[in-house]
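J.: with the input below, show me the fold.
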Amino acid sequence: MNSLLSAVHEAIDGMAAVPDSGELWVRVVQPIQLDDPWDLLGTEWLRNKNVVAWESPQGRSNPSSFLAVGRVIREALVGHRRFERADAIWKTVRERMVTVPDGVKTTGLPVLIGGFAFASLGSERSGRWAGWHDGMVGIPELLIHRTNGETVAAMTVQVTLGETFDTQLTDGLARIARLLGHLTAEAQIKNDLSRESKTGLGWRDSGGDRSAWDESVEQACVDLHDGKIEKVVMAREVRAVPDSGQRFQPLATAMALRKRQPSCVAFAFQRSNGDVFVGATPEPLVEVAGRQIRTVAVAGTTKRGGATGSDSALGHALLESGKDRREHALVVEAIQKGLEPLLTTDSIADGPKVVRHANVQHLETYIQGVLQEGVTLFRVAEHLHPTPAVGGVPRQLALEWVTEHEDMDRGWYAGPVGWIDVEGNGELVVAIRSALMGPERLSAFAGCGLVSGSEPKAEWEESNHKLRAVLDAVVQSDASADGPVDLDQKIRGAVS
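T.: Residues are numbered from 1 along each chain as shown. Below you'll find the model as predicted:
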């Protein structure tokens, strides 16, 4: 411990602006033996703790996954300046974060993690989304991160400069190290006191809110035809409770989504009250690496076919669909326009192409460019969100239309969620294909882009395909069972 304290003090002395008072965040990074951070999601030690699980999709040049536990700080973001506030918090963390040992790789190692609601209410949210605010960001106490075949644990302690600095640091690190020990030990034991479980709700579309949906789509078509708007995205919510004698298992559901949707970014944000926002999204909002930026326009959807020939035919029809191509072009144009004042040169677009996911096929166009000096991840998000893929065109008129015609609070659904490292690299994704769930209740969300020529029946069916991506992965278990849970048992049926 003495050598660690010496390394910390040396790192503080080497800071660009050495503080003489106030608070610092000290992060200690060490390698650990763990192949998959998500294995720890089945441990009892994570109950009633703030947890974030994240995994980049397979097929990336540098895929990564992490599990973040606890919060050194947590900042609620309320109001229309929430992205600006998140950016200011990150800059403070960057200036007052000390990482040891010296020379440890921090590129791609998340330091600030969080998310934003689809829309800013400027006040506290109510109902299911109470406590989620217009956004939240925080530094995790414990981060377990894996990339390039290597796993590290990053333990962060907030300390106040002064005579008790060393005691604060050693006590804090010891506490987090104990948590890490408990998590890894329980994961290795794989406690066999498993619960009987099942995956999927057996959900079938009842058409319960179909008439209201049809009416809103028809009104949208009138407004689209009259030229009031060019595109608008309308979303719906499906609420469910567990089957009799069962309880939902949100973190197991996140695991099932990860298994079922390997081409998507899988995520889970758990609050200490047991509510979890889970999803597997195909839609990046922005990725920043140095000054390189990449985003993806995702718009235009069809179902998957049962056979290879049918699948290809559906994809070809999607690529040739005038309605879907118009919808897609609006998204590409809006993203490029939003990026224009932030880039050194014009952005480059490559697409559209048909991309197949487990339940649906989409049109995608990759867009990339080089950021101007000083432009940050959160500033880009402020310019891009919401894209027409989840909002509409023109943005403000479409959002006003959504407020008037959607009878729900989207909360974090379709909002940006993600992470940033101390160097400014990071990613935010659009939290679609998602659900807010606890042990006793669930709300799943899906939206459809409406343009001239949209038909209520077709849009309803499209929303059902998107809802099934989440609902078919929901895990339930016996509510009367006690004791630790074997996550492997929970998700056994999810990947068959």
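J.: for R47, which non-adjacent residue is spatially closest?
T.: Spatial nearest neighbour of R47, chain neighbours left out: G274 (8.0 Å); criterion: CB to CB, 6 or more residues apart in numbering. No exception for glycine: its C-beta is placed from N, CA and C like everyone else's.
J.: could you look up the SS state of that neighbour?
T.: Three-state assignment for G274 (DSSP: H, G, I helix; E, B strand; the rest coil): coil.
J.: and for L397?
T.: Per three-state DSSP, L397 ends up helix.
J.: and it, how far is that from L224?
T.: 11 Å (CB to CB, to the nearest Å).
J.: looking at these two, which is more packed in?
T.: A side-by-side neighbour count of L397 and L224, using other CB atoms under 10 Å, places L224 first with 20 against 15.
J.: list the contacts for the more buried one?
T.: 230-232, 450-452, 454 (CB atoms under 8 Å, 6 or more residues apart in numbering).
J.: reformat these as a markdown table; add pLDDT and distance to G418.
T.: Listed next are the contacts of L224 as a markdown table, based on pLDDT from 0 to 100; distance: CB to CB, whole Å:
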| residue | pLDDT | distance to G418 |
| --- | --- | --- |
| E230 | 93 | 28 |
| K231 | 93 | 25 |
| V232 | 95 | 25 |
| L450 | 92 | 27 |
| V451 | 89 | 28 |
| S452 | 86 | 33 |
| S454 | 90 | 30 |
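J.: among those, name the buried ones.
T.: By neighbour count, with 16 or more other CB atoms under 10 Å, the contacts of L224 hold 230-232, 450-452, 454 as buried.
J.: ok, of those residues, which one's closest to S120?
T.: Distance to S120 across the buried ones among the contacts of L224 (CB to CB) is lowest for V232, with 18.9 Å.
J.: for the longest helix anywhere in the chain, enumerate the helices and strands it packs against.
T.: Determined from DSSP state H, the single longest helix within the chain is helix 165-189. With contacts taken as 3 or more CB pairs under 8 Å, 6 or more residues apart in numbering; DSSP states H and E, helix 165-189 sits against helix 2-13, strand 142-147, strand 150-160.
J.: could you check the angle the shortest one makes with helix 165-189?
T.: For strand 142-147 and helix 165-189, the angle between their directions (axes from the mean of the first three to the mean of the last three CA atoms, to 10 degrees) works out to 60 degrees.
J.: tell me the strands beside strand 142-147, with direction?
T.: The strands beside strand 142-147 in its sheet (DSSP bridges) come out as strand 64-69 (antiparallel), strand 150-160 (antiparallel).
J.: compare the ones you listed and report which one is nearest to G426.
T.: Comparing these by CB to CB, strand 64-69 comes nearest, at 11.4 Å.
J.: check which element follows the closest one along the chain.
T.: Going down the chain from strand 64-69, the next helix or strand is strand 73-76, by DSSP states H and E.
J.: which helices and strands does whichever helix or strand comes after that following strand pack with?
T.: Next in sequence after strand 73-76, counting helices and strands by DSSP H and E, comes helix 82-95. If you count contacts as 3+ CB pairs under 8 Å, 6+ apart, helix 82-95 packs onto strand 73-76, strand 112-116, strand 135-139, helix 377-384.
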